[in-house]
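>>> Fold the following, please.
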Amino acid sequence: MRLSLKTSQGGIMLFLWLLLSPTAMAWQKDKAYSIIILHTNDHHGHFWHNKNGEYGLAAQKTLVAEIRHEVAKKGGIFLLLSAGDINTGVPESDLQDAEPDIKGMNMIGYDAMAIGNHEFDKPLAILRKQQQWATFPFLSANIYQPSIGQRLFKPYLIFNKQGIKIAVIGLTTDDTVKLGNPGIFSDIEFRSPVNEAKTVIQSLRANEKPDIVIAATHMGHYNNGEHGSNAPGDVEMARSLPTGYLDMIVGGHSQDPVCMSVSRINYKQVDYVPGTLCIPDRQNGTWILQAHEWGKYVGRADFEFKNGKFILTRYRLIPINLKQKRLNEDGSTELTLYTREIPPDVDMVKLLSPFQTKGRQQLDMKLGFVDGRLQGSRNKIRFDQTNLARLILASQVERVNADFAIMSSGMIRNSIERGEISYRQVLKVLPFANHVAYVDFNGQEVKNYLAAVASKTPGSGAYAQFYNISLIRHKDGAITDIKIAGQPLDIKKHYWMATLDFIAFGGDGYPKISHHPNYVNSGLVDTEVLKHFIEKHAPLKVNDYAPGKEIINH
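So this is what the prediction gives:
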């Protein structure tokens with residue numbers, strides 16, 4: 001830093017203050033510093049490799065350790081960041097509250113993690129327990145507790161590496177309220193990530209004076225900023241901030257390999273091939289990175305920092321043992337690696353094996369047999385009534401002695417194939433651990449509620465699945481010929497409706513009924529209710545749960 005000083009006492013005092021200030025420049029002029037930033041996102045419980053030996057924290061540990069050693073040998077600077085969503089996706093992890101995942105990340109040596117929306121799939125107490133397990137901080141600048149007007153988590157962290165101050169800010173999509181269980185958010189507020197980013201960066205520049213500012217975000221990368229019904233993502237945020245405010249965004253949520261197309265400006269490659277060239281997005285002077293999902297890749301960004309300039313010199317998405325199907329001359333197929341094989345780290349395998357064994361013992365428990373396919377595929381269940389939805393709702397009606405049941409199709413995440421049903425399959429179908437709830441409605445309330453939910457758009461996760469209900473829906477939105485258990489709705493009669501607490505709290509845009517004086521949260525977890533129903537009624541016949549004409553469009 002060069003200062004042109006007058007020989008006044010004030011000028012000398014200013015020079016001394018800048019020289020001695022902890023925020024004064026500490027890096028060396030004209031020296032080129034190598035900074036390597038690794039990143040992952042949307043892990044979703046994949047601590048163990050799959051049946052083909054792909055991904056998993058053991059191989060990731062080997063790769064990261066190799067790169068860490070390489071960087072240290074060359075005197076470089078190293079950071080490892082996660083863009084969130086550690087939770088929800090693999091039953092072995094879900095049953096154990098992602099403990100193996102977090103403890104595996106500890107061993108790998110993550111420096112910080114942004115909080116994702118799926119960190120709120122379970123009560124806040126579980127997230128706080130996960131924070132205690134972690135040796136790295138959970139960051140989010142835009143999550144507040146309104147009752148006290150304070151943030152729930154650390155908004156940022158400052159890393160001082162060889163005199164270079166690197167600020168890492170955490171940001172979480174404000175869609176979390178819409179995507180998660182509203183019952184969890186009674187005293188949690190998700191503010192605009194863009195506004196909070198501006199506020200935090202302004203404060204950092206005034207007080208901490210970082211040389212590099214990175215946002216670890218769980219907001220999504222949407223082509224050309226076109227986020228549709230989603231909350232704004234990384235592209236829109238980068239464009240809305242003043243140029244130079246953010247050097248880099250390490251993102252997640254949309255679960256993409258952000259490798260930009262050469263032929264289409266501001267659009268990602270449609271089918272990125274592992275191991276090939278990956279060019280990250282750049283918007284308004286900000287690099288935007290994302291490494292797909294599940295630990296399939298570790299993103300590696302090589303930067304040079306010199307005289308205050310932060311320049312990307314190379315970027316790669318490194319596949320973690322990803323394989324492709326190859327056709328042999330004899331017509332047979334085999335799986336071959338896209339790139340070199342990364343051996344699993346022995347110590348990581350030792351750490352994770354007990355968790356995997358414990359999870360499998362619980363999950364492989366056989367519950368019963370079904371004589372056909374129970375349909376839960378996204379492209380079916382979000383458009384039509386299905387036998388799997390009717391089975392799930394039947395289990396809830398029986399358990400709480402209700403007259404009928406309703407749920408959104410987005411709560412159902414998998415099908416069950418013909419054969420033996422395991423507990424693992426049940427957890428894949430219902431991964432969110434919602435509670436079964438019920439409410440005592442009079443006939444008019446039933447009619448009003450059905451009018452609101454029957455109009456949910458086919459194709460969306462809000463599309464309603466019914467059990468013991470039929471009705472005719474007219475083009476003007478009116479509903480007629482309502483029947484409960486085959487009998488015409490009686491306006492003067494009372495009916496018990498079963499649903500999930502997520503729905504009762506207004507999830508997926510359903511009418512909020514949790515405040516109703518006759519509302520009861522049973523405390524029964526949906527997966528356990530379905531598990532006991534299958535055990536009781538097996539062998540199951542799919543024809544017993546075949547949908548009829550629940551909704552007739554007129």
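
>>> Would you check that residue 133 makes contact with residue 103?
Yes. Judged on CB atoms under 8 Å, residue 133 makes contact with residue 103 at a distance of 6.2 Å. (C-beta placed from N, C-alpha, C; glycine too.)

>>> Which one's more surrounded, the two?
residue 103 (18 against 15; other CB atoms under 10 Å).

>>> Got phi/psi on that one?
Torsion angles at residue 103 (phi, psi; degrees, to the nearest 10) stand at phi -70, psi -30.

>>> For it, give me its contacts.
133, 351 (CB atoms under 8 Å, 6 or more residues apart in numbering).

>>> Distance of it relative to residue 137?
Using CB to CB, to the nearest Å, we find residue 103 at a distance of 16 Å from residue 137.

>>> Show me where the stretch 151-300 of the chain has its helices.
Using DSSP state H, counting those that start in this stretch, the helices found in the stretch 151-300 of the chain span residues 176-179, 193-207, 234-240.

>>> ugh, typo on my part, it should be the stretch 301-450 of the chain
So, for the stretch 301-450 of the chain - with DSSP H, counting those that start in this stretch - the helices run 346-363, 378-381, 387-400, 423-429, 443-453.

>>> Pick the most deeply packed of those.
helix 387-400 (a mean of 23; mean count of other CB atoms under 10 Å).

>>> Report all helices and strands that that helix contacts.
strand 404-408, strand 435-442, strand 464-467, strand 494-500, strand 519-525, helix 526-537 (3 or more CB pairs under 8 Å, 6 or more residues apart in numbering; DSSP states H and E).

>>> Swap in 6 Å and give it another go.
strand 404-408, strand 464-467, strand 494-500, helix 526-537 (3 or more CB pairs under 6 Å, 6 or more residues apart in numbering; DSSP states H and E).

>>> Distance from that helix to the middle of the chain?
27 Å (CA atoms, centre = their mean, to the nearest Å).

>>> What lies in contact with that helix?
374-376, 405, 436, 438, 465, 467, 498, 522, 529-530, 533, 542, 545-546 (CB atoms under 6 Å, 6 or more residues apart in numbering).

>>> Show me which of the residues you listed has the smallest pLDDT value.
pLDDT across the contacts of helix 387-400 is at its lowest for residue 522, which sits at 84.

>>> residue contacts, that one?
Contacts of residue 522 (CB under 6 Å, 6+ apart): 400, 436.

>>> picking that back up, which one of the helices and strands packed on helix 387-400 lies nearest to residue 237?
Proximity to residue 237 (CB to CB) singles out strand 404-408 among the helices and strands packed on helix 387-400, at 29.1 Å.

>>> low pLDDT regions in the stretch 401-550 of the chain?
Counting by pLDDT under 70, the stretch 401-550 of the chain contains no low-confidence range.

>>> which residue sits closest to residue 201 in space, ignoring its chain neighbours?
Closest residue to residue 201 apart from its sequence neighbours, by CB to CB, 6 or more residues apart in numbering: residue 245 at 5.2 Å.

>>> hmm, back to that, filter the contacts of helix 387-400 down to the buried ones, ChimeraX style.
Selecting the buried subset of the contacts of helix 387-400 in ChimeraX, with 16 or more other CB atoms under 10 Å as the burial test, is done by:
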select :374,375,376,405,436,438,465,467,498,529,530,533,542,545
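
>>> so residue 140 makes contact with residue 115?
Yes. Using CB atoms under 6 Å, residue 140 is in contact with residue 115, at 4.2 Å.

>>> Common neighbours of the two, please.
Both residue 140 and residue 115 are in contact with residue 172, where contact means CB under 6 Å, 6+ apart.

>>> How about the contacts made by the residue lying closest to residue 246 once chain neighbours are set aside?
Sequence neighbours aside, residue 286 is the residue nearest to residue 246 in space, at 4.5 Å (criterion: CB to CB, 6+ apart). Contact analysis of residue 286 by CB under 6 Å, 6+ apart lists 238, 246, 249.

>>> Likewise for residue 423?
By CB under 6 Å, 6+ apart, the residues touching residue 423 are 363, 365.

>>> domain ranges for the chain?
With domains defined by automatic domain parsing, the chain comprises 35-359, 366-553.

>>> Make CSV out of these and add distance to residue 29.
Conversion of the domains of the chain to CSV gives the following (distance: least, CB to CB, whole Å):
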stretch, distance to residue 29
domain 35-359, 6
domain 366-553, 54
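
>>> Out of those, flag the one nearest residue 26.
Closest approach to residue 26 among the domains of the chain (CB to CB): domain 35-359, 3.3 Å.

>>> Now do the end-to-end distance for that closest one.
39 Å (CA to CA, to the nearest Å).

>>> Next: stretch 492-509.
Stretch 492-509 stretches 27 Å from its first residue to its last (CA to CA).

>>> Quick check: buried residues in that stretch?
495-509.

>>> Low-confidence stretches in the stretch 1-150 of the chain?
Ranges of the stretch 1-150 of the chain meeting pLDDT under 70: 1-24.
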